[in-house]
Structures are given as C-alpha cells and as structure tokens.
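> Show me how the following folds:
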Amino acid sequence: MKFVKINIVFLDLYNDGMQIDKQRKRWYVLIITLYVAYVFTMHKWGHQGDMMFWLNWSRYIYEHGFSNIYDNKECNYLPAYLYVLWGHVKLQGNAIDIGDNLYTIKFFTLIFDFAAAILAVRFVKNIEDKSFYFLLLMFNVAFIYNTVFWGQVDAIFTFFGFAALIFAIEQRVIWSILFAVIALNFKLQAIVFLPIIGLLLLPHFFFKNGIKKIITGLMLAIVFQIFILMPFILSGKLYQVGGVITNSVGFYPYPTVGAFNAWSLFLPNVSIEGMYELNDNTLVGFLSYKTIGQLLFLLSIIIAILPFCIYLWKKYIQHQIVYFPLKNIFIIAALTALNFYFFNTEMHERYAHPAIISLAAYAFISKKFYPLLLGSLAYFLNMERICWYLNLHNDTYMNGLIFKPRLIAGLYLILIFVLYILLYRKERIKEDEPVLKV
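Next up, the predicted model:
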C-alpha cells in the first residue's frame, strides 16, 4: 500500500509539472504572438522632430563612420543608443533604405517594452494572473505610447534600470550593478533608479562576501564601460562623449520642455510655447527656478526613502526582526521617478516613463490599480498633447479641457500624494504578502 501511495504522489507531482510546463508554453506563445502583432500593425512614423534626429544621425554614421558621430553637432545622445542606430544602418546597407525603413527601429525598442512588462509580473505567482497582468500592461496605451506612437527610446533605459532594481531585490548584486550602468549608458535619466537600488545593495557592505560581489560588479561595469567607449578612445574623441554628458545639463534652459509638472502650477497662465520664452535661472528671491526644483526634488526623495532607511537601521544596526513589504519598494521607485519629473526644470514629457513600470509592479502585487490608472492617464494626456498622434493639428481637440497643462499637472500631484499616503499608511503584513529578503 505504501508503494502505491508513493507512486500516486509521484504521479501527481508529474501531472502538476506537466501542467506548469503547458502553462509556460502558452505564456511564451502569448508573448511572441503579441509582439508579432504589434510589429505588423505599428505606426510607420512618430514624433517628427525625434524621428528626423534618428534619420540624420543614421545617415551621418553611414557616411562618416560610427566614431565620428559626435562631429554632427546635433547628436546629443549617449553612445549606447547610437550603437542601435549603427546596427540599423548596417542592416539597411544603403542610404535609401535607411530612410525608407527608419520606422523599423521601433521593432528593437519594442522588445524592451515587452521585457519590462515581463519583469513587472515577476512576483506574481499564478501563471494565469501573470498572463492577464502582462496583457493589461501591454494594452495600456500610456505604457506603449513612447515606443509605438512617438518613436522614442525611453523603454530601453527603463528596462535596464528596472531590471537592475529587480536584481537588487533578489540580491543578485553583480547583475544589478551591471544593468544599472547599462541603463545610464542609454540615458542619464536612469539615475531615478539609483536611490532605491543603492539602498537595497547597502546591506552587502556589512558582509565580506557582499563586498566581494560589489567589487566584482563594479569591475565588470568598468570593463563594459571601456568596451562601450572604445571606438571613441581609439579615435581620440572620448572628449566628445564627455561633452555630451556635461552639456546635457542646461541644454534646454527652460522651466519645462513639454512636461506638465509643478512649473505648470507654479507659473500660472504660461502656455506650452510660453515656457520657451522663460529661463530656469530666473530668480525668485535669491533662488532660481532650477535651484528651487532641485531642492524640492531632494526633499521629496528624502521623504520617500525614509521608511526604508528606518527599516535598514532597525534590522542591521539595532538587529530587530522587522519586515518591509515588497510593494513599498515599487512605491519608492515610482515616487523617485515622479518627483524627478515633477519638480525639476528642463523636463520633457517622456521623463515620467520609468514611473509607469514601477506603478504597474506595485499594482500587480498589491491588487491596488488606481495609482497605475491615474499615472497612466496623466502620462498619456501629456504625451498626446505634445505628439498629437490621435488627431493631428486639430486645434479644437488639442485645446480641450482634458489637455490643459495645469489639469494634467494636478493629476500628477494627486498621484504623488496618494503614493506617499500608501507608503506611510500602517498596515499589518499579510501572511502571503511578499516581503524583502534583504
């Protein structure tokens, strides 16, 4: 009888394993099928200004070589994305196809939207729930707008930054450091992921093995960085990369560059175009707009990370048995991105993009979807008002109430307050609720 019972147990385990494998196969088929569907139905152009940049830079690479790209004074992107343009140029092979097939660059960027969405459901245990939440995010027009309609590339650095955050949560130190550096090589806006990643990795400094992992990660990151910069090092044009980095601060010296944020509230009755007639070094008393924004951003970040700092203090200094809800890590990540976007000057509308993936991860763990809905609404309205995809150059449509900068800025402000309330609200941790292992 015992033998029969053991066989039955093993048979049940085998059947469960087969069922899981089938569900995983369906999950993979779903991802691939949806990606192919997007590729075949994707808009063939995007934001006029940015698409023309990709076209001009691609042609310059084709005509003058990759290492000479920064001789084109209009090129102000970091090398990592220029490698993407270089790869696209090589695939096309001639100047005509580079122009005719420019939109296919989106196919590459879209991979990172999918990859980020997969990471967003990483901590969802049920395969069916994973599939549902994945579809929910990939059909969220605010999430895909940046890639599919606009033609921008924020999805790439967002994926690498968010992946670095996930690796930090899972204590995979080396991968976290490496992916964070990769993210920064695409866009410096990836800095919004660093505060929470740094705090998650901080406890590893308390252990010898942890320090070894951090040193190994930093060494690999340095090697990777040298590899990225090698064409410019060999051609003696490394200084041009440094110039892009230093000039990125102050490149658009306006209170806002299409972002409907705090400056749309602080500076009432200033139109979108009117912002370009102002300078963010304008003084209010003895502080400039830029300095005020930076101070507000710094203060907001301190308030956002304080609960986690208290947790680390109690656990590693006072040696208390404490727990930190995993969902709150994603609230902090979302707040960091939103506050960076909301308070700083010189912000583009697209800089809110990293907040959406963190809001999604929070929603999928907590089952509270209203922050994601509110953030998606504000982000979509801001993006659409600048890109004009749905109804190009229709003044009645674009000047409607829902596209008023102050209204959209108000939505962002409400979202930020809601997230702080959720972060500081005291709740008992449920038995099945995921918590940090750090």
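> give me every residue that touches residue 336.
Residues in contact with residue 336, defined by CB atoms under 8 Å, 6 or more residues apart in numbering, are 192-193, 195-196, 301, 304-305. All C-beta atoms are positioned from the backbone trio N, CA, C, and that covers glycine.
> what bits of this protein have low per-residue confidence?
For the chain, applying pLDDT under 70 flags the ranges 1-20, 392-393.
> Surely residue 105 touches residue 86?
No: applying CB atoms under 8 Å, one finds residue 105 not in contact with residue 86, separated by 11.4 Å.
> Who has more neighbours out of these two?
Comparing residue 105 with residue 86 by neighbour count (other CB atoms under 10 Å), the higher total belongs to residue 105, at 23 against 19.
> which non-adjacent residue is nearest the more buried one?
Nearest residue to residue 105, sequence neighbours excluded (CB to CB, 6 or more residues apart in numbering): residue 88, at 5.4 Å.
> Now name the helix or strand holding that neighbour.
helix 79-92 (DSSP states H and E).
> Check which residues of that helix are buried.
79-86, 88-89, 92 (16 or more other CB atoms under 10 Å).
> can you list contacts of that helix?
Against helix 79-92 from outside (CB under 8 Å, 6+ apart): 54, 57-58, 61-62, 66, 69, 75, 98, 101, 104-105, 108, 153, 156, 182, 185-187, 228-229, 231-232, 241.
> For the stretch 201-350 of the chain, which segments are assigned as helices?
Assigned by DSSP state H, counting those that start in this stretch, the stretch 201-350 of the chain shows helices spanning 208-234, 238-248, 262-266, 289-312, 326-343.
> and those helices, which is most packed in?
Highest mean neighbour count of those: helix 326-343, a mean of 26 (counted as mean count of other CB atoms under 10 Å).
> Between helix 289-312 and that one, find me the angle.
When axes from the mean of the first three to the mean of the last three CA atoms, to 10 degrees is applied, the directions of helix 326-343 and helix 289-312 differ by 170 degrees.
> Using CSV, write out every CA atom in helix 326-343.
Output of helix 326-343 as CSV, limited to C-alpha atoms (Å, rounded to 0.1, in the frame of the first residue of the first chain):
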residue,chain,number,x,y,z
LEU,A,326,7.9,44.4,-1.4
LYS,A,327,5.1,46.5,-2.8
ASN,A,328,6.5,49.6,-1.0
ILE,A,329,9.8,49.2,-2.9
PHE,A,330,7.9,49.9,-6.1
ILE,A,331,6.1,52.8,-4.5
ILE,A,332,9.5,54.4,-3.6
ALA,A,333,10.8,53.7,-7.2
ALA,A,334,7.7,55.3,-8.7
LEU,A,335,7.9,58.3,-6.3
THR,A,336,11.6,58.8,-7.2
ALA,A,337,10.8,58.9,-10.9
LEU,A,338,7.7,61.1,-10.5
ASN,A,339,9.4,63.6,-8.2
PHE,A,340,12.3,63.9,-10.6
TYR,A,341,9.9,64.6,-13.4
PHE,A,342,7.5,66.8,-11.3
PHE,A,343,9.9,69.2,-9.5
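> My understanding was that residue 363 contacts residue 375; is that so?
No: Residue 363 sits out of contact with residue 375 when judged by CB under 8 Å, with a separation of 9.7 Å.
> between the two, who's got more neighbours?
Counted by other CB under 10 Å, residue 363 and residue 375 do not tie: residue 375 has more neighbours, with 28 against 22.
> got the contact list for the more buried one?
Counting by CB under 8 Å, 6+ apart, the residues that residue 375 touches are 142, 334, 338, 352, 355-356, 359, 412, 415.
> Counting only strands, which of those make the cut?
Secondary structure assignment by DSSP state E places none of these in strands.
> ok, those vs residue 314, which is closest?
Closest approach between these and residue 314, by CB to CB: residue 334, at 23.7 Å.
> list the contacts for that closest one?
Listed by CB under 8 Å, 6+ apart, the contact partners of residue 334 are 355, 358-359, 362, 371, 375, 419.
> quick revisit: nearest to residue 280 among the helices of the stretch 201-350 of the chain would be which one?
helix 289-312 (4.4 Å).
> The closest one packs against which elements?
For helix 289-312, the packing partners by 3 or more CB pairs under 8 Å, 6 or more residues apart in numbering; DSSP states H and E come out as helix 194-201, helix 262-266, helix 326-343, helix 405-424.
> angle of the longest one against helix 326-343?
Same thing as helix 405-424. Using the same axes, to 10 degrees, helix 405-424 lies at 150 degrees relative to helix 326-343.
> Would you mind listing the buried residues in helix 405-424?
405, 408-409, 411-413, 415-416, 418-420, 422-423.
> Let's verify the closest residue to residue 191 other than its chain neighbours: helix, strand, or coil?
Setting aside the residues directly before and after it, residue 191 is nearest to residue 184 in space (CB to CB, 6+ apart), at 7.0 Å. Under the three-state scheme (DSSP: H, G, I helix; E, B strand; the rest coil), residue 184 adopts helix.
> would you say residue 46 is within a helix?
No: applying three-state DSSP, one finds residue 46 to be coil, outside a helix.
> No further queries at this time; thank you.
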